[in-house]
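Chemist: turn this into a model:
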Amino acid sequence: MSGFSALDLARAQFAFTVSFHIVFPIFSIGLASYLATLNGLSLLTGRTVYLDLFNYWRKIFAVTFGMGVVSGIVMSYQFGTNWSVFSDKAGPVIGPLMGYEVLSAFFLEAGFLGIMLFGREKVGPTLHFLATLMVALGTFASAFWILAANSWMHTPQGHAINADGQFVPVDWLKVIFNPSFPYRFVHMVLAAYLTTAFAVGAVGALHLLRGTASPAVRTMFSMAMWMAALVAPLQLLAGDQHGLNTLEHQPAKIAAIEGHFEPQARAPLILFGVPNTAERRVDYALKLPLAGSLILTHSLDGVVPGLTNFPEKDWPPMAIVFWSFRLMVALGMAMIGLGVWSLYARWKGRLCDWPWLQRAALALGPSGFVAVLAGWVTTEVGRQPWVVYGLMRTEHAVSPIAAPAVGASLLAFIVVYALVMAFGLFYMLALMNRPPLASDAPAPHAPALATPLREILFPPSPDAR
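Modeler: Here you go, the predicted structure:
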């Protein structure tokens with residue numbers, strides 16, 4: 001890794017570990033709420049199908065939760081190893097917020113997790129349902145505190161800077177409920193629900209395509225498609241409000257996302273293109289006239305900022321945020337499309353017996369995870385070169401540590417995380433590969449993959465058989 005500075009490697013290490021970590025909390029937040037819903041419906045209706053689905057997904061939740069905890073603990077140590085200057089300067093604000101996350105969220109999850117996973121026969125259905133609710137509330141609270149801390153770094157307020165250059169909180173309500181927090185929190189929670197819905201829908205679609213149309217599989221797929229149809233359009237609205245907030249507080253990020261070097265009134269929306277920072281233009285741009293101003297300012301005559309409004313040293317890397325944002329939006333539109341398709345199929349009475357709908361749902365199973373990662377890249381890279389926006393530059397936050405030391409730890413993380421990810425994903429996919437088991441069914445055996453996944457997604461023509 002010669003040629004890279006300690007700053008480059010520290011940024012790469014944090015990006016790698018947070019990208020690995022974030023997929024597990026996102027899935028945990030959505031799965032915990034799904035489990036609470038299933039548990040509540042089983043109590044409310046008395047139907048065993050909901051309890052069967054609860055028992056099926058709780059095992060997957062346990063693995064997801066465990067991997068999230070392990071990867072999160074490792075990630076947090078980097079604040080002291082690679083980002084000690086940031087920890088010193090921003091610690092009085094960030095430290096308590098992260099402490100609140102542990103005390104109010106993690107303890108709540110850990111305290112009731114065992115009851116949720118193993119205690120139904122011991123505490124009874126009602127207390128078991130309450131334990132499941134507490135776990136779901138804990139995941140929700142975890143997102144609250146982590147987003148509060150991260151949002152403060154984007155839109156800092158409620159603090160003072162003391163003689164030692166430290167950020168000292170003076171108004172905790174302003175620190176927590178900073179200007180970007182409500183929008184980012186809603187956006188992230190909806191993303192968690194969508195990610196889970198498409199993962200659950202993909203599992204249901206897989207078993208439907210394999211011919212397992214049991215009540216549990218049909219219910220699983222139906223619930224997932226309801227979530228997709230209802231939440232995906234809400235996420236579009238939440239994203240629009242988040243964009244307006246970002247335009248107000250981080251206009252340079254919006255300029256990079258939209259691909260505008262010069263401020264423009266009646267600006268077009270650049271759908272695709274190749275950002276050319278050296279020439280300050282977007283090559284091969286495909287544009288929609290006036291749409292940029294309409295979307296960002298809700299006015300055809302609105303002025304969209306350009307990067308030349310800001311010193312070049314404060315520009316975020318345009319190419320990265322330009323493409324990561326478009327990947328996120330493209331996946332979001334595909335989710336909306338599948339949700340609309342599912343409503344049509346439901347209306348036609350073909351929700352669970354329309355193979356191409358199931359193939360589309362299976363193909364989009366990982367889309368939520370990819371969209372979340374693309375959104376975080378857009379948000380965090382778009383904030384550069386600031387670690388605390390407008391107040392502390394990333395280059396001033398890194399520890400005084402040699403590049404080889406950071407590079408060695410980065411290589412170690414890559415190797416260890418690759419092994420952990422491989423084993424974790426293998427086990428979770430093995431669990432998902434089995435269909436849900438009815439309460440009165442015999443113990444399952446490992447299913448044979450009679451129909452390969454490739455043939456499910458791309459069925460051969462009749463002439464090829």
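Chemist: hey, let's count contacts and neighbours off CA atoms from now on
Modeler: Noted.
Chemist: other SSEs contacting the longest helix seen in the chain?
Modeler: Criterion DSSP state H: the longest helix present in the chain is helix 6-45. Secondary-structure packing of helix 6-45 (3 or more C-alpha pairs under 8 Å, 6 or more residues apart in numbering; DSSP states H and E): helix 48-76, helix 125-154, helix 181-209, helix 367-383, helix 403-433.
Chemist: buried set for that helix?
Modeler: 6-7, 9-11, 13-43 (16 or more other C-alpha atoms under 10 Å).
Chemist: ok, now stretch 173-183?
Modeler: Those would be 175-183, for stretch 173-183 by 16+ other C-alpha under 10 Å.
Chemist: which one of those residues is nearest to Arg280?
Modeler: Distance to Arg280, by C-alpha to C-alpha, is smallest for Ser180 among the buried residues of stretch 173-183, at 29.1 Å.
Chemist: what about stretch 340-357, start to end distance?
Modeler: 11 Å (C-alpha to C-alpha, to the nearest Å).
Chemist: ok, Pro289 - contacts?
Modeler: 266-269 (C-alpha atoms under 8 Å, 6 or more residues apart in numbering).
Chemist: who wins for neighbours among those?
Modeler: Ala267 (25 neighbours; other C-alpha atoms under 10 Å).
Chemist: just the closest of the contacts of Pro289 to Met225, please.
Modeler: Among these, and counting by C-alpha to C-alpha, the member closest to Met225 is Leu269, at 30.7 Å.
Chemist: Pro355 reaches Gly211, doesn't it?
Modeler: No. Pro355 is not in contact with Gly211 according to C-alpha atoms under 8 Å; the separation is 10.4 Å.
Chemist: of the two, which one has the most company?
Modeler: Neighbour totals were compared for Pro355 and Gly211, and Pro355 leads with 16 against 11 (other C-alpha under 10 Å).
Chemist: now the more buried one. Nearest residue, chain neighbours left out?
Modeler: Leaving aside its sequence neighbours, Pro355 sits nearest to Leu209 (C-alpha to C-alpha, 6 or more residues apart in numbering; 6.6 Å).
Chemist: which intervals of this structure have sub-threshold pLDDT?
Modeler: Residues of the chain meeting the criterion pLDDT under 70: 1-2, 439-465.
Chemist: so which residue is dead centre in it?
Modeler: What sits nearest the mean C-alpha location of the chain, by C-alpha atoms, centre = their mean, is Val372, with 3.4 Å.
Chemist: wait, that one touches Ala191, no?
Modeler: Yes. With contact defined as C-alpha under 8 Å, Val372 reaches Ala191; the gap is 6.9 Å.
Chemist: Gln358 and Tyr56, how far apart?
Modeler: Relative to Tyr56, Gln358 is positioned 20 Å away (C-alpha to C-alpha).
Chemist: ok, these two, which is more surrounded?
Modeler: Gln358 (27 against 20).
Chemist: my guess is the more buried one meets Gly211, correct?
Modeler: No. Taking contacts as C-alpha under 8 Å, Gln358 lies outside contact range of Gly211: 11.6 Å.
Chemist: break down the stretch 151-300 of the chain into its helices, ranges please.
Modeler: 172-176, 181-209, 215-249, 251-258, 291-297 (DSSP state H, counting those that start in this stretch).
Chemist: what packs against the third one?
Modeler: It stands for helix 215-249. Secondary elements touching helix 215-249 (3+ C-alpha pairs under 8 Å, 6+ apart): helix 48-76, helix 181-209, helix 251-258, helix 291-297, helix 318-347.
Chemist: mind listing what's buried in that helix?
Modeler: 215-229, 231-236, 238-247, 249.
Chemist: cool, and the second one?
Modeler: Neighbour counts over helix 181-209 (16+ other C-alpha under 10 Å) mark 181-209 as buried.
Chemist: hang on, isn't Thr374 packed against Ile320?
Modeler: You called it Thr, but residue 374 is Ala. No. Applying C-alpha under 8 Å as the test, Ala374 and Ile320 come out as separate, 9.7 Å apart.
Chemist: quickly note the distance from Ala363 to Ala232.
Modeler: Taking C-alpha to C-alpha, one finds Ala363 at 17 Å from Ala232.
Chemist: more neighbours: Ala374 and Ile320, which one.
Modeler: Ala374 (22 against 17).
Chemist: report the contact partners of that one.
Modeler: For Ala374, the contact set (C-alpha under 8 Å, 6+ apart) comprises 324-325, 327-328.
Chemist: next one: it from Trp323, what distance?
Modeler: 9 Å.
Chemist: before we move on, what about Met428?
Modeler: 30 Å.
Chemist: who's more crowded, the two?
Modeler: Between Met428 and Trp323, counting by other C-alpha under 10 Å, Trp323 is the more crowded of the two (21 against 16).
Chemist: can you tell me, leaving aside adjacent residues, what's nearest to the more buried one?
Modeler: Ile257 (8.0 Å).
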